[in-house]
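Engineer: Just the structure for this:
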Amino acid sequence: MNAATGKRDYYEVLGVERTVTEVELKKSFRRLAMKYHPDRCPDDPTAQEKFKEAKEAYEVLSDAQKRAMYDQHGHAAFEGGMGGRGGGFGDMGDIFGDIFGDIFGMGGGGRGRQRRGADLRYVMELDLEEAVFGVGKTIEIPTQVNCHHCNGSGSADGKTTQCKTCHGHGRVRMQNGIFSIQQACPHCGGSGQAIEKPCKACRGEGLLEEKRTLSVQIPAGVDNGDRIRLSGQGEAGPAGAEAGDLYVDVRVREHAIFQREGNDLHCEVPIRFAQAALGAELKVPTLEGEVAVSIPPETQTGQTFRLRGRGVKSVRSGRVGDLICRVMVETPVRLTREQRELLEKLEASFSEGEPDAHTPRAKSWVDGVKEFLSRVTS
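Structural biologist: From the prediction side, this is the model:
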């Protein structure tokens, strides 16, 4: 922790050594971003701060020039004007432009900053097995991409002139009460440049509509309602500006056998009443194959058995849940004459000796009914 700034060391934040490579750095940041993204941790008040901390650290260490400055001067490299405008993280114009732009609905952004492309949302339906073990999917999404004819510039000949509205600044000043607010130029979209000969293919927009095919890797353990963010896979921005993101929302189909609750799986196991009374060895299905379960004698319907580690491995914590089997004793149907006679003999045998000893729950239920009726009628 830096005493002057109150910030942790950027390498410590990302959990990497100072000799980390770009690939390892990116991998570590993605892991932390997935872990602490506010969309994934809505109930964790500290997640957003941890996400911002990791993002700030990555923005510095992933830039070769900023990383060199940080290695030499630490956090002081971005204090008091070192490292460029406002410490390298945007000037006061950017800050006030963003704040007041949000308040008055005018848009904002720094000088010359263009509107980024729109974010896209895709709902992906998965089978339970796919969600539990992870799967690679190919999806097709309608989107806007940079025009191939003008390389996203919107200009037929590649030439642009200075925007006459903002005079090349990319921003215009608007008066709103006592505030003088800057916003992106509505004519050039913040680029500061105007097009004299628009591209015929995209009509000067720099964008074309088409369907795009993407490969999406779904991590193991995702659950219904989880969201996966694919950075830069949304719609392209106007005139080559930054693309938006693609959000893949996970929907898990109902399963014929299992129901998922958190990291646990639940299933019902039907057994015959003779098996429940005498005990039995059963084969119970799991997502990884059958396993043997011992049903003890005198098992009652609704009784549960927990199979440790047979549930789902959490995509966040890595903890593996359990499989909880609920026994359902079935009443036999389509009895043969011999089976009916055997059951009649069995039922008659219960009346001999101490009949209540065989059905303790029934006795307590009858006693409860009698007590209730006596209170009602008294």
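Engineer: tell me the contacts of residue 247?
Structural biologist: With contacts defined as C-beta atoms under 8 Å, 6 or more residues apart in numbering, residue 247 is in contact with 119-122, 227-230. For the C-beta atoms, the positions are set from N, CA and C on the backbone; glycine is no exception.
Engineer: Now do the phi/psi pair for it.
Structural biologist: Here is the backbone geometry of residue 247 (degrees, to the nearest 10): phi -110, psi 120.
Engineer: for residue 208, helix, strand, or coil?
Structural biologist: Classification of residue 208 using DSSP: H, G, I helix; E, B strand; the rest coil returns strand.
Engineer: which residue sits closest to it in space, ignoring its chain neighbours?
Structural biologist: residue 147 (5.0 Å; C-beta to C-beta, 6 or more residues apart in numbering).
Engineer: Equivalent analysis for residue 226, please.
Structural biologist: residue 250 is the one closest to residue 226 (C-beta to C-beta, 6+ apart), at 4.5 Å.
Engineer: I figured that neighbour was touching residue 219, is that so?
Structural biologist: No: counting by C-beta atoms under 8 Å, residue 250 sits too far from residue 219 to count as a contact (10.1 Å).
Engineer: Double-check that residue 212 belongs to a helix.
Structural biologist: No: judged by three-state DSSP, residue 212 forms no part of a helix; its state is strand.
Engineer: looking at it, the residue nearest to residue 208 is touching residue 205, isn't it?
Structural biologist: Yes: between residue 147 and residue 205 there is a contact at 7.5 Å, judged by C-beta under 8 Å.
Engineer: Between the two, which contacts overlap?
Structural biologist: Where contact means C-beta under 8 Å, 6+ apart, the residues bridging residue 147 and residue 205 through contact with each are residue 154.
Engineer: Mind checking which of those two has more residues around it?
Structural biologist: Using other C-beta atoms under 10 Å, the more surrounded residue of residue 147 and residue 205 is residue 147, with 23 against 18.
Engineer: List the beta-bridge partners for the residue nearest to residue 226.
Structural biologist: Beta-bridge pairing of residue 250 under DSSP bridges involves residue 124.
Engineer: low pLDDT regions in the stretch 201-350 of the chain?
Structural biologist: In the prediction, the stretch 201-350 of the chain carries residues with pLDDT under 70 at positions 238-240.
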